[in-house]
Each structure stands twice: as structure tokens, then as C-alpha cells.
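K.L.:
From the sequence below, what's the structure:
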Amino acid sequence: MTVKIQQPHFGRQVRQIRRAQGLSQSDLAGEEMSPSYISLVESGRRAPSLKVARLIAERLSLPTEALLPDEARAERQKPHRLGLVGRLVAARAHQSDNNWDLARDELSDIVDLADTPELGDVRWEAHWELAATLARLGESEAHERTLRTLLADPLTRDFPPLHTRVVVEMARTAKNTGTLTEAARFAEEAIRVARSADPPTPDETLQAEAVLLSVCTESGDWERAAELADEVLTYTDLPSDRARATTLWAAACARYVNGLTEPALTLMAEAEQSMTQTSDLPLRARLQLSAGLLHIAAGHLQSAVDLLQRAGQVAELAGTHADRMRLAAAWTLVALHHGDQESADRHTAIMDAGLARLAGLDRARCSVVKARACRARNEEESARQHFQSAATLYEQAGAYRIAVTVWRELSAPDGAQTGVDPHALLLP
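P.N.:
Okay, here's the model as predicted:
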């Protein structure tokens, strides 16, 4: 009989047994394989040859057959809805406990098992939660693939609220990775889908308009951002918690870039108040960081410090790499305002260590902050290089207006930044 290695079953079995035996991926790899190869096998992205499968089984002290599916047993153990829903609840509990690796593994299993039409809604929810988990883990390519899988799902196309949710998330993803033209296209599509729903879906419409507002602000289309901010703020029945907070947050940033600093701070305070009702601690911390950056730009340094300290407490527990780099940039700005070069150098060193892993726009903003720190040390050549790098990154993302502000700051006779500081923005 020909033995066939079936993924992802084989990889799941290997992962579960390896963990149960207390082995690391390096232990299992030995000298013949690499830990990264074992990771690919366990995730189901690489099917090993029979020879390699036998070697893996030997390392686990098992016959190869123990890692292969029993078709008869699989037929008897077809997943039941109640069991899969229970596992979905367990995966969400892992997310709440910041056990993101466990959540990813659980959700990947649910997606594989819910492979029949009658379980389509369970599969959709598992895919949605998996996308959020992959984003949290920084697995950007897998995150985007999962979103595109959701976009192609018939359930998404048949229900405008679900369609809007997915396209809004794709717009946010494109914005965060610095492809602003694509982000604007997805945001416009989200608005079109939300407005065409029957009956109307005001919450989804507002979220779609808010993400377009963020994209316009990020790209430098500040006149349109001002119009969109006026529009979203006319809603008399804004949704509570997260949707309300992110809408006010985006509107605050649009107000700021249009020269309305104090109204922007007022809106940001309202957004913070709304966010106290949400359990999404990482999002709340990013809002506090964004508010802190606006307070720095406004010269309200003590308020900024208070906000950054609160954001930092959450980032230590549940923050991403990008969150930590953004915090380092913010603390550098505070130090520069205080003339504390030692503190500025300490925080720019943190950015130096992690800059390469950031997406384009975050890297551009951090590069501007690093340039200012170099200029404060009278290292004009290093400052010029960082400013040029930032301008190039903004141009590549399609944020040409913001790139111009970088060139302007570089060529300023006294080296001082004046007026609106678009690099002090962190949008939802």
C-alpha cells in the first residue's frame, strides 16, 4: 500500500505530539532538518517526503502510521456544530489571555474541520478570528491571504454587513502596510456596499466612512479628510464603544492636520472616554499613544507623558513590535522637547534595533524622529540621510504631500519643524 502524507493533518499531529513530549522544534529538527522547516510542516505549508516523515516519526518515538489519518475513524468523527462552536469559544478565550499562538492553532483546526456547506457560518467566523489573530502575530502575508479567502466566501458576498466588515479590514490592512491607493479603493468599495444594503446598515456605513477618512488623512488628502470628518460627526446616533471611539479618533486626526489643534484634542478626549467601554486593550493603548502624540505636537507635554505612560503599561503586556517602536518614537519626541539628549538617544537606540521590521509608513515616521534626534546632536549628515529615507518611504506609499513636508523640514535654514506635524499622527 502506498503511504500518502496528508497535510494539514500530518503537521497538526506532529505539533500536538511534540508539545506533549516537551520537545522544541529544534529538538525535532536535529542536524538533518531546520527548525523553520519543522514549522512549515507543522503549519501544513510543507508536505514532507516519506523519508522525512519517517525520520520525524522516529524522533517522536512513533510509527509513521500514527501520524497519518485513519479514514474510517475520520468518517466516524465528523465534526459536530456544537463541538466546533465550543472550540471557537476556546480560541477567543486564548485571544483574551494573549495566547495568540494557541488561538491561531485552534482556529486553523476549526477552519479545516468546518469544511461542509452546513458549517459555512462557523468556518466564516473562524476565518475572521484567524485573520485578527494573524494580524496580532505580525504574520502579514497570512493575514492578507485569510482576508482574501473571506472576500471570496459566498457568505461574504451574500450579506452586505459581512462584506463591508471584510473590505473595511482590507482597507485598514492596506493603509497600515503603506499601499494607500489600494486602501482608498477598498474603503470606497466598503462605503458602496454598506450604502447598498437593504435594510441599511448605519454602523457598517460609518465604519467604512471612518476608514476612508483615515486613508485620506494618512495620504495627505486633507481637504477631503476635512469634509469626511464633518460628515461622520453629523451622525446623531454614533455607535458606542469601539466604532464610536475609532470614528472620533479619525476625525480628531483630520481636524489636527487642517490646523484645528484644540478641537482635535477635544475629539480625542471623547474618543478616549468611549474606548473605556471596550475590552480591546491593545486598541485602547494605541488610541492613548495617538492622543499622546497630538499632545506633544500641541506642546502639552505633561498630558502627553501621562498618556504615553498608560499606553506603555498595556504595550508591555499586549503590545506588538510596531507599538513598541511607536512608543519609542513618541518618547524621543518628548525628550527632544525637554532637551534631554540622553533620553532621546536611549529611545532612538530602541528604534534602531527594530526599524527594519516596520511597515513603510511606520518606518517613515520613525525615520523622521531619528533625523530630528541626529539634528539635535548636530549630526547633520546622519539627519539628512534619515530625512531622505523617510521622504522616499512616504513617496512609495503614495503620501506625496507628507513627503514634501519632510523635504521642507530637511531644507529649513534653522532646521526647525513648524506648523502641523503630520508625522505625529497614528490613525485607527
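
K.L.:
use CA for all of it now, contacts and neighbours both
P.N.:
OK.

K.L.:
where in the stretch 151-300 of the chain is pLDDT low?
P.N.:
236-240 (pLDDT under 70).

K.L.:
residues contacting residue 294?
P.N.:
By Cα atoms under 8 Å, 6 or more residues apart in numbering, the contact set of residue 294 is 265, 304, 424-425.

K.L.:
Closest to residue 115 out of the residues you listed?
P.N.:
residue 425 (42.6 Å; Cα to Cα).

K.L.:
The closest one against residue 254, yeah?
P.N.:
No. Distance between residue 425 and residue 254: 9.5 Å, which falls outside the contact criterion (Cα atoms under 8 Å).

K.L.:
more neighbours, the two?
P.N.:
residue 254 (32 against 22; other Cα atoms under 10 Å).

K.L.:
Return the distance of stretch 397-415 from the chain's centre.
P.N.:
Put simply, stretch 397-415 sits 27 Å off its chain's centre (Cα atoms, centre = their mean, to the nearest Å).

K.L.:
Over to stretch 371-383?
P.N.:
Worked out by Cα atoms, centre = their mean, stretch 371-383 lies 31 Å from the chain centre.

K.L.:
residues in contact with it?
P.N.:
Contacts of stretch 371-383 (Cα under 8 Å, 6+ apart): 332, 336, 341, 344-345, 348, 370, 384-387, 415.

K.L.:
Kindly report the same for stretch 344-357.
P.N.:
Counting by Cα under 8 Å, 6+ apart, 321, 325, 328-329, 331-333, 335-336, 363, 366, 370, 373 sit against stretch 344-357.

K.L.:
can we see that at 7 Å?
P.N.:
325, 328-329, 331-332, 335-336, 363, 370, 373 (Cα atoms under 7 Å, 6 or more residues apart in numbering).

K.L.:
And the helices in the stretch 1-150 of the chain?
P.N.:
Using DSSP state H, counting those that start in this stretch, the helices of the stretch 1-150 of the chain run over residues 9-20, 25-29, 35-43, 50-59, 71-76, 81-96, 100-113, 120-136, 140-152.

K.L.:
mean pLDDT lowest for which of those?
P.N.:
Comparing mean pLDDT over the helices of the stretch 1-150 of the chain, the weakest stretch is helix 71-76, at a mean of 44.

K.L.:
taking the contacts of residue 294 one by one, which sit in helices?
P.N.:
Within those, residues falling in helices by DSSP state H are 265, 304.

K.L.:
Dump the contacts of residue 294 into a markdown table; add distance to residue 26 as well.
P.N.:
Formatted as a markdown table, the contacts of residue 294 follow (distance: Cα to Cα, whole Å):
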| residue | distance to residue 26 |
| --- | --- |
| 265 | 50 |
| 304 | 44 |
| 424 | 42 |
| 425 | 42 |
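
K.L.:
Can you mark which positions in stretch 266-283 are buried?
P.N.:
Burial within stretch 266-283, assessed by neighbour count using 16 or more other Cα atoms under 10 Å, is assigned to 267-272, 274-275, 281-283.

K.L.:
tell me which of those is nearest to residue 292?
P.N.:
Once Cα to Cα is applied, the member of the buried residues of stretch 266-283 that ends up nearest residue 292 is residue 268, at 9.8 Å.

K.L.:
Now for the closest one, which secondary structure element holds it?
P.N.:
helix 261-275 (DSSP states H and E).

K.L.:
what's the answer for residue 332, then?
P.N.:
helix 321-338.

K.L.:
contact partners of that helix?
P.N.:
293, 296, 301, 315, 341, 343-344, 347-348, 350-351, 354, 358, 366, 369.

K.L.:
just the angle between the next helix or strand after that helix and helix 321-338, please?
P.N.:
Going down the chain from helix 321-338, the next helix or strand is helix 341-354, by DSSP H and E. Using axes from the mean of the first three to the mean of the last three Cα atoms, to 10 degrees, the direction of helix 341-354 lies 160 degrees away from that of helix 321-338.

K.L.:
Only the buried residues of helix 341-354, if you could.
P.N.:
Result for helix 341-354 [16+ other Cα under 10 Å]: buried residues 341, 343-345, 347-348, 351.

K.L.:
Any chance of JSON lines for these, columns distance to residue 227?
P.N.:
As requested, the buried residues of helix 341-354 are exported to JSON lines (distance: Cα to Cα, whole Å):
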{"residue": "341", "distance to residue 227": "40"}
{"residue": "343", "distance to residue 227": "40"}
{"residue": "344", "distance to residue 227": "37"}
{"residue": "345", "distance to residue 227": "40"}
{"residue": "347", "distance to residue 227": "37"}
{"residue": "348", "distance to residue 227": "37"}
{"residue": "351", "distance to residue 227": "35"}
